[in-house]
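S.K.: with the input below, show me the fold.
(one chain, ligands or ions: 1)
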Amino acid sequence: MWKRAFAGVFGAAAALRLQSLSGTRHASSISSVVNSMLLRSLKEHYLEVAKMTMPPKVSPPAPFTIVKGAIDSNGPVLKRDYGDEEISIYVMRMVNAYDDEDGTTDQLFLHVDVSKPGQEESLNFLCGLYEDALGIHSVSMRPKLENSGYLVVPSQYTGPVFEELDERMRDAFNNFIEERGVNESLFKFLQAWLYVKDHRNLMRWFKTMGMFIDGGKPAKDA
Ligand SMILES: *[C@@H]1O[C@H](CO)[C@@H](O)[C@H](O)[C@H]1NC(C)=O
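M.R.: Coordinates of the predicted model:
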């Protein structure tokens, strides 16, 4: 479905490019034809995407709770307390992991942040999450972030290659996050949540693009 929506927009854009290359009309009239074609295409796709049915609301496995406003931010999605620790879960789509016609993905990228009061750094796990499995990719210490999302400092040491660690140490790290309730039971919720978020982002993309091209006027019906 996403693919179809995108293909439509890109197809229209390619057609516009051809048309303007071969056109001999006055620049401003070409530009207004181009604009109105693009606006029409954006609006059509906006309306098409707006009609898509969203998955039923799923609750996260207790005791995780949804972070307020997470759907419109880049911050953590889920939080829970574990003793005096705070566990925060961020979720990302694997690049190119649109696997199905319906735009769902069967693999997610998790960033699990374990923080303790009074500590300047938090413990960070990067994991792959599947419907029936969770695999750790890396473990490292990162500066604690207050709701500002997942910061990557390229030069920072991100820990040894996890696969190359001693098996008992890997198992122990797996048990460590498992004990904090981070396991495949989160998959269903996070998959649905990401789908809704992607849908919102796509709608906003059509809408803000249209408003910009239209000169900042709010697009009709959008
Ligand atoms: C995941 O963790 C929760 C909380 O610890 C537990 O109740 C659940 O059984 C676990 N699920 C699996 C599939 O291990």
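S.K.: tell me the buried residues in stretch 117-137?
M.R.: Taking 16 or more other CB atoms under 10 Å as the neighbour-count basis, stretch 117-137 is seen to contain the buried residues 122, 123, 124, 125, 126, 127, 129, 134, 136, 137. Heads up, the C-betas are built off the backbone N, CA and C, glycines and all.
S.K.: export these to a markdown table and tack on pLDDT, secondary structure and distance to residue 45?
M.R.: A markdown table is the format used below for the buried residues of stretch 117-137 (pLDDT from 0 to 100; DSSP: H, G, I helix; E, B strand; the rest coil; distance: CB to CB, whole Å):
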| residue | pLDDT | secondary structure | distance to residue 45 |
| --- | --- | --- | --- |
| 122 | 92 | strand | 40 |
| 123 | 94 | strand | 42 |
| 124 | 92 | strand | 38 |
| 125 | 94 | strand | 37 |
| 126 | 93 | strand | 34 |
| 127 | 94 | strand | 34 |
| 129 | 95 | strand | 30 |
| 134 | 95 | strand | 35 |
| 136 | 95 | strand | 39 |
| 137 | 93 | strand | 35 |
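S.K.: just the closest of those residues to residue 39, please.
M.R.: residue 129 (39.1 Å; CB to CB).
S.K.: any idea how far that closest one lies from the ligand?
M.R.: Noted for residue 129: a distance of 12 Å to the ligand, by CB to the nearest ligand atom, to the nearest Å.
S.K.: who does that residue bridge with?
M.R.: As for beta bridges, residue 129 partners with residue 108, residue 134 under DSSP bridges.
S.K.: so it is in contact with residue 190, correct?
M.R.: Yes. With contacts defined as CB atoms under 8 Å, residue 129 counts as touching residue 190 at a distance of 6.9 Å.
S.K.: list residues touching both of these two?
M.R.: 91, 108, 110 (CB atoms under 8 Å, 6 or more residues apart in numbering).
S.K.: who wins for neighbours among those residues?
M.R.: When neighbours are taken as other CB atoms under 10 Å, the top entry among the shared contacts of residue 129 and residue 190 is residue 110 (24 neighbours).
S.K.: from residue 47, how far off is that residue?
M.R.: With the distance defined as CB to CB, to the nearest Å, residue 110 ends up 34 Å from residue 47.
S.K.: next up, phi/psi of residue 85, please.
M.R.: The phi/psi pair for residue 85 (degrees, to the nearest 10) reads phi -90, psi 150.
S.K.: so who does it touch?
M.R.: When contacts are counted by CB under 8 Å, 6+ apart, residue 85 is found next to 114, 115, 116, 180.
S.K.: correct me, but residue 106 touches residue 132?
M.R.: No. No contact is recorded between residue 106 and residue 132 when judged using CB under 8 Å, the distance being 10.0 Å.
S.K.: so which helix or strand takes in the closest residue to residue 54 other than its chain neighbours?
M.R.: If the residues on either side of it in the chain are set aside, residue 54 comes closest to residue 196, at 5.6 Å by CB to CB, 6 or more residues apart in numbering. Element membership for residue 196 (DSSP states H and E) is helix 187-213.
S.K.: can you check the pLDDT for residue 132?
M.R.: If you check residue 132, the pLDDT there is 94.
S.K.: apologies, that question was intended for residue 204.
M.R.: 93.
S.K.: residue 211 versus that one, what's the distance?
M.R.: Following CB to CB, the distance that separates residue 204 from residue 211 is 10 Å.
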